[in-house]
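Q: coords below, sequence missing:
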C-alpha cells in the first residue's frame, strides 16, 4: 500500500522539525523586577515624591547626589539567549563531535532613573536601555 504524496510531505516536514529542534536551546533570565511604562505611569513630574515611588516600586538600587537634587536608579537585567546546534544532526555519522552553532544573545542591563529636586519631588524620569553585541553570532566562525 502506497501513501499519497500529500500525506508524506507533512509527515516528512514534522519529522525534520522534531529532529532539528533537539539541538535548540532557549534561555531567558530576569533579575530584579522588570519595569515597563505601565508600571511607572503613576509618576507625575512635579507632583510625585520619591517616597510615593518607593512605596509602589520598592527601594532603588542606588541614590546619588546631583547638582539639582538626587538621582534614584532602578536596575534590572533581562537576558535572552537562543542557540541552534546544526552539528547535532551529524553526530551519528561523524567520528568527532561537530558544533555548528548559530546563537543570539540579548544581554542588557536596563535602568529606570528618576531625578528629584531638593524637596524629594520627582522632576524627570527616563528609561535607559543598554543592549550589547550583534544580533547573530555564528560560532566557531
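A: That came in fine, so what should we check first? Note that the structure is a prediction, hence the values are computed from the model and not measured. Numbering: from 1, shown residues only.
Q: going forward, measure contacts between C-alpha atoms and count neighbours the same way
A: Fine.
Q: what packs against the helix or strand hosting residue 122?
A: Using DSSP states H and E, the element containing residue 122 is strand 122-128. Where contact means 3 or more CA pairs under 8 Å, 6 or more residues apart in numbering; DSSP states H and E, strand 122-128 is packed against strand 109-116.
Q: which stretches in this protein count as strands?
A: 24-31, 62-66, 69-85, 101-106, 109-116, 122-128, 137-139 (DSSP state E).
Q: any idea which of those strands scores lowest on pLDDT?
A: Least confidently modelled of the strands of the chain is strand 137-139, at a mean of 52 by mean pLDDT.
Q: what is the burial count for residue 117?
A: For residue 117, the neighbour count with other CA atoms under 10 Å is 19.
Q: what sits against it?
A: Taking CA atoms under 8 Å, 6 or more residues apart in numbering, we find residue 117 in contact with 68, 69, 70, 123.
Q: between these, which is nearest residue 37?
A: Nearest to residue 37 out of those is residue 123 (CA to CA; 16.7 Å).
Q: how about the closest one, what does it touch?
A: Residue 123 touches 45, 46, 114, 115, 116, 117, counting by CA under 8 Å, 6+ apart.
Q: is residue 65 in contact with residue 71, as I believe?
A: Yes: Residue 65 is within contact range of residue 71, at 6.3 Å (criterion: CA atoms under 8 Å).
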